[in-house]
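>>> No letters, just coordinates:
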């Protein structure tokens, strides 16, 4: 077994190892977990289809390891979503993440660069609406839910039954 002191002094060729801070997901605060999960939903839409590979690699690049990464998105079972007809339909649990963290989700979507973990230079509402539609399209293509149904539920979530130019979430960003 290699000790911490040995790790700090080991070299390969002429390059020494550098130490990294690695944290387990279970040791993150509640707010940190929310931040990273919503970041994953926004920037890695394939998680809506059950593919966590790129998100897992990115999370590791942030010094975080989650041995049960699927649970971040799917734990809790199905989520009830409303579609434009007013009907309620059960969706995979990953949809719950954006519903239960809507303020964080909409703030992330309104950031000029959604890949910046912290910082809020924002874009205008028209650009946010376009981004939401592009994101919903991408998620709906990658989700296990039928495309039209997913788009309908996400648009209804964003703009309400009947739509409108003044989304309920505008005051959140």
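Ah, there it is. Every value quoted in this text rests on a predicted model; they were computed, and no experiment measured them. Numbering: from 1, shown residues only.

>>> rest of the way, CA atoms for contacts and neighbours
Noted.

>>> which stretches of the protein form helices?
Assigned by DSSP state H, the chain shows helices spanning 4-9, 30-43, 53-61, 69-74, 94-100, 102-110, 125-142, 147-159.

>>> ok, now which ones touch residue 91?
Contact partners of residue 91, counting by Cα atoms under 8 Å, 6 or more residues apart in numbering, are 78-81, 145.

>>> Also residue 96?
residue 79.

>>> what about residue 82, neighbour count?
The tally of other residues near residue 82 (other Cα atoms under 10 Å) stands at 20.

>>> wait, it sits on residue 150?
No: contact criterion Cα atoms under 8 Å: residue 82 and residue 150 do not qualify, at 10.3 Å.

>>> out of the contacts of residue 91, which are buried?
The neighbour-count test (16 or more other Cα atoms under 10 Å) marks 79-81, 145 as buried among the contacts of residue 91.

>>> so which of those would you say is closest to residue 45?
residue 145 (13.2 Å; Cα to Cα).

>>> ok, and the closest non-adjacent residue to the residue nearest the centre of the chain?
The residue lying closest to the centre of the chain (Cα atoms, centre = their mean) is residue 41, at 2.1 Å. Of all residues not flanking residue 41 in the chain, residue 47 sits nearest, at 6.7 Å (Cα to Cα, 6 or more residues apart in numbering).

>>> Residue 157 now?
That would be residue 82: by Cα to Cα, 6+ apart, it lies 7.3 Å from residue 157.

>>> Can you give me every residue that contacts that neighbour?
88-89, 153, 156-157.

>>> Try it again at 10 Å.
88-91, 152-157, 160-161 (Cα atoms under 10 Å, 6 or more residues apart in numbering).
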